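[1] here you go, sequence then predicted model.
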Amino acid sequence: MFLGTYTPKLDEKGRLILPAKFRDAFSQGLVITRGQERCLYVFTMREFEEMNERLRTAPISSRQGRDYLRVFLSGAHAETPDKQHRVTIPANLRSYARLDRELAVIGTGQRAEIWDLEAWNEYLAAQENDFADVAEEVIPGMF
């Protein structure tokens, strides 16, 4: 399970060093792709393969489904960390997520997300008040 927030830096070659707590899970490979809110999703190979199986059930007749799959999968990049636990984020994904040198890598349970640090801080500040004030069940069965 991916938990926590880490603030690595992107080097001049577009690489980041994976947080120590995530290294074992990603050691056999990972997939980076576009996520919502202009972040990047990072899946283990196994999780991505399982997700792909679920995505395959989307009806081909659904335009919204086709559009989502095209954007999601066309940006996907498989990577194996090097000996220094670095992964390269392709230029198109860096551009999509508007990544600068300062990053936030957060755990969201089944995946990690990579954010530009300033964008993450703005997002978190906007969401924390709503989170604190939730008075109804957002996720069925939780609280």
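    It's in. What you are looking at is a predicted structure, and each value in this text was computed from that prediction instead of being measured. Numbering: from 1, shown residues only.

[2] which residues are in contact with stretch 46-58?
    30-31, 43, 65-66, 68-69, 72-73, 76, 110-111 (C-beta atoms under 8 Å, 6 or more residues apart in numbering). Every C-beta, even on glycine, is put in place using the N, C-alpha and C of the backbone.

[3] ok, stretch 4-17 next?
    Residues contacting stretch 4-17 (C-beta under 8 Å, 6+ apart): 18-19, 21, 84-91, 94, 99-107, 114, 117, 120.

[4] would you list the buried entries among those residues?
    Burial by neighbour count, judged by 16 or more other C-beta atoms under 10 Å, picks out 18-19, 86-89, 94, 99, 103-107, 114, 117, 120 from the contacts of stretch 4-17.

[5] show me where pLDDT drops low in this structure?
    Residues of the chain that meet the criterion pLDDT under 70 lie in 134-143.

[6] if you count residues, where's the longest helix of it?
    Identified as the longest helix of the chain according to DSSP state H is helix 117-132.
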